[in-house]
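Visitor: Next one to model:
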Amino acid sequence: MAKPTIELPAGVRRIIADLAGAGFEAYAVGGGVRDRLLGREPKDWDVATPATPEQIQKVFPKAVYANRFGTVGVKVGPELYEVTTYRAETEYRDARHPEKVTFVKKLEDDLARRDFTVNAMATDGIKLVDPFGGQSDLKAKRIRAVGNPYERFREDALRLIRAVRFAVELGFVIEAETLAAVTKHAARLKLISAERVRDEFMRILGSPRKGSPGEGVRILIQTGLLEQFLPELLEGRDFAQAKHHVHSVLEHSVRSLDHVPSDDPLIRLAALLHDVGKPRSARGEGEARTFHGHEVIGAKMTKEIMRRLRFSNDDVKRVVNLVRHHMFLFQFESTDKAIRRIVRRVGPENIDDLIALRVGDRLGSGTKVGLTKKLQQFKERSLEVQKEPISTRMLAVNGNDLMHELKLKPGPGIGRIQDALLEEVLDDPKRNTKEYLLERAAALHRGT
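Guide: Below you'll find the model as predicted:
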């Protein structure tokens, strides 16, 4: 028996064997093959075959088929695999979706429609089919379009940013002609939905390879892709800063992204955007240049950017909060009251992320020490002050107490009284007693 060249999961082997038993060849294709050749654990596996969807369903009666692209969902045990009929795609509409899909009989014709050579390989576990040199590109650590790169990007503009994403995730370089085609067609990225661009961008930012998120952003800038969906960041290009900053606003932002000690792509996004408001807040020139209020302007810009890219409300709130408060002021002599107010504004659940952002900010400025003694003490003291009330939920009285004591009905007035009481307790935690707070609530209700 021939020795397997690529180890396939049991479910994929079962599908290939069952299709072969029905007289149809079948191969694992795409990213699973690529990752296995790289020694990485694939996230998913796809199978391709010349069998039509109807023929596939005869082999797998419980399979699901509800699309026009020849893809059938086949479940083997707990795993669901996509089994797709060999196809060719023509007449792409909206720079993304093919107007016409034609089923074909040859595997090579199916592989020819794929985006990059490293994704255009197939195997049955014994034989590797590689008509476009994907294996040699893997060895050379190169992202190269299948066939004519200009045609590939005209067909599907999402491939423009996917080229960058694959290069970043794999630690590869984009082949020269492919890179030139990305640059030429960069404006076509605007034809792609904000959600799809956002997802690819966040995968670039979330890349696990050290330093690669910043490398990815640099490629996006170089090719003109970033301008299509995040032009605000480019306002900082060649925009000089002052004092301890030796880099332009844009270069500092990318370096901060490189250095922020967090694997969370949202925290990395906050690092990239934390100074986005500087060019619009700048006053003066040279060493006299100031950026007062840039964090407020930057927070507003960040909200606009993230809403445009269709981030969830929770994600927008989280990143905007970090950008807004990244300039928080802490000194060794800061009082507990001052620290409680910082924690209250930022949220105790965001303190570690805020510190990570400050560390990235410092290292992105060229300093050699990110987590200073001052930041370390802030972290320790922020934990300590959380033993005292920093939210209305930690007050000695709740909304029901206020409604009962003041004879009030539910409504926003209760929340306003609670906020006022919290302000007093933030100043002096000893005031957090039921007796004192009910007395103050009554006075606030009377307007005294």
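
Visitor: Got the confidence number for the closest residue to Ile267 other than its chain neighbours?
Guide: Once flanking residues are discounted, Ile267 sits nearest to Asp353: 5.2 Å by C-beta to C-beta, 6 or more residues apart in numbering. Bear in mind the C-beta positions are built from the backbone N, C-alpha and C, glycine included. Asp353 carries a pLDDT score of 96 in this model.

Visitor: Strands along the protein, start to end?
Guide: 27-29, 46-49, 71-76, 79-85, 87-93, 97-103, 122-123, 128-129, 142-143, 173-174 (DSSP state E).

Visitor: which stretch among those comes nearest Phe116?
Guide: When the strands of the chain are compared by C-beta to C-beta, strand 142-143 sits nearest Phe116, at 5.6 Å.

Visitor: pLDDT averaged over the closest one - what is it?
Guide: 98.

Visitor: now for that strand, which elements pack on it?
Guide: Applying 3 or more C-beta pairs under 8 Å, 6 or more residues apart in numbering; DSSP states H and E, one finds that strand 142-143 contacts helix 158-170, strand 173-174.

Visitor: please redo it, this time with the cut-off set to 10 Å
Guide: Applying 3 or more C-beta pairs under 10 Å, 6 or more residues apart in numbering; DSSP states H and E, one finds that strand 142-143 contacts helix 134-139, helix 158-170, strand 173-174, helix 176-184.

Visitor: Please work out which residues outside that strand touch it.
Guide: Strand 142-143 has contacts (C-beta atoms under 10 Å, 6 or more residues apart in numbering) with 115-119, 133-134, 136-137, 162-168, 170, 172-176, 178-179, 182.

Visitor: Provide the strand pairings for it, with the direction of each partner.
Guide: Paired neighbours of strand 142-143 in the sheet (DSSP bridges): strand 173-174 (parallel).

Visitor: could you give me the average pLDDT of the strand it pairs with?
Guide: Strand 173-174 comes out at a mean pLDDT of 96.

Visitor: what's the answer for stretch 319-337, then?
Guide: 90.

Visitor: And for stretch 374-392?
Guide: pLDDT averaged over stretch 374-392 gives 88.

Visitor: try stretch 191-199
Guide: 97.

Visitor: about what we covered before: and the helices and strands packed on strand 142-143 as CSV, adding mean neighbour count and distance to Thr302?
Guide: Output for those, formatted as CSV (neighbours: other C-beta atoms under 10 Å; distance: least, C-beta to C-beta, whole Å):
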stretch, mean neighbour count, distance to Thr302
helix 134-139, 17, 37
helix 158-170, 24, 20
strand 173-174, 20, 29
helix 176-184, 18, 27
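
Visitor: And the ones you listed: which comes nearest Asn398?
Guide: Short answer: helix 158-170, nearest of those by C-beta to C-beta, at 48.3 Å.

Visitor: can you list the strands of the chain in TSV and add distance to Pro265?
Guide: Shown next, in TSV, are the strands of the chain (distance: least, C-beta to C-beta, whole Å):
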stretch	distance to Pro265
strand 27-29	28
strand 46-49	25
strand 71-76	29
strand 79-85	26
strand 87-93	30
strand 97-103	27
strand 122-123	31
strand 128-129	34
strand 142-143	21
strand 173-174	21
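
Visitor: so which of these comes closest to Lys62?
Guide: Lys62 lies closest to strand 71-76 among the strands of the chain, at 6.8 Å (C-beta to C-beta).

Visitor: how about the closest one as CSV, C-alpha atoms only?
Guide: Provided in CSV are the C-alpha atoms of strand 71-76 (Å, rounded to 0.1, in the frame of the first residue of the first chain):
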residue,chain,number,x,y,z
THR,A,71,-21.5,23.0,-2.4
VAL,A,72,-23.1,20.1,-0.3
GLY,A,73,-22.8,19.9,3.4
VAL,A,74,-21.9,16.3,4.5
LYS,A,75,-21.8,15.4,8.1
VAL,A,76,-19.4,12.6,9.3
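
Visitor: Against which helices or strands is that strand packed?
Guide: Using 3+ C-beta pairs under 10 Å, 6+ apart: strand 71-76 touches helix 10-21, strand 46-49, helix 53-59, strand 79-85.

Visitor: Highest mean neighbour count out of the ones you listed?
Guide: strand 46-49 (a mean of 23; mean count of other C-beta atoms under 10 Å).

Visitor: could you redo the helices and strands packed on strand 71-76 as TSV and give each row distance to Leu158 and mean pLDDT?
Guide: Listed next are the helices and strands packed on strand 71-76 as TSV, based on distance: least, C-beta to C-beta, whole Å; pLDDT from 0 to 100:
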stretch	distance to Leu158	mean pLDDT
helix 10-21	26	97
strand 46-49	18	97
helix 53-59	25	95
strand 79-85	18	95
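
Visitor: Can you lay out these as CSV showing distance to Lys303?
Guide: Putting those into CSV (distance: least, C-beta to C-beta, whole Å) gives the following:
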stretch, distance to Lys303
helix 10-21, 44
strand 46-49, 38
helix 53-59, 45
strand 79-85, 37
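
Visitor: List just the one of those that sits closest to Leu205.
Guide: strand 46-49 (25.9 Å).

Visitor: so how far is the closest one off the chain centroid?
Guide: With C-alpha atoms, centre = their mean, to the nearest Å as the basis, strand 46-49 stands 29 Å off its chain's centre.

Visitor: Can you pull out the residues in contact with that strand?
Guide: With C-beta under 10 Å, 6+ apart as the criterion, strand 46-49 contacts 8, 11-12, 15-16, 19-20, 22, 24-33, 55-56, 59, 70-72, 74, 81-87, 107, 110-111, 122, 124.

Visitor: hmm, try it at 7 Å
Guide: Applying C-beta atoms under 7 Å, 6 or more residues apart in numbering, the external contacts of strand 46-49 come out as 12, 15-16, 19, 24-30, 32, 56, 81-86, 107, 110, 122.

Visitor: do stretch 148-167 as well
Guide: 92, 95-96, 115-116, 143, 145-146, 172-174, 177-178, 181-182, 184-186, 188-189, 191-192, 196-197, 200-201, 203-204, 216, 219-220, 225.

Visitor: Counting neighbours, show which residues of stretch 399-415 come out buried.
Guide: For stretch 399-415, the neighbour count (16 or more other C-beta atoms under 10 Å) marks 401-402, 405-406, 414 as buried.

Visitor: Mind checking which of those are in helices?
Guide: 401-402, 405-406, 414 (DSSP state H).

Visitor: who touches stretch 370-379?
Guide: Here stretch 370-379 has contacts from 259, 330, 332, 351, 355, 358-359, 362-363, using C-beta under 7 Å, 6+ apart.

Visitor: Who wins on neighbours among these?
Guide: Using other C-beta atoms under 10 Å as the neighbour criterion, Arg358 leads the contacts of stretch 370-379 with 26 neighbours.

Visitor: ok, now which ones touch it?
Guide: Arg358 neighbours (C-beta under 7 Å, 6+ apart): 326, 375.

Visitor: Tell me the pLDDT of Asp419.
Guide: Predicted confidence (pLDDT) for Asp419: 90.

Visitor: and it, what does it touch?
Guide: Counting by C-beta under 7 Å, 6+ apart, Asp419 has contacts Thr392.
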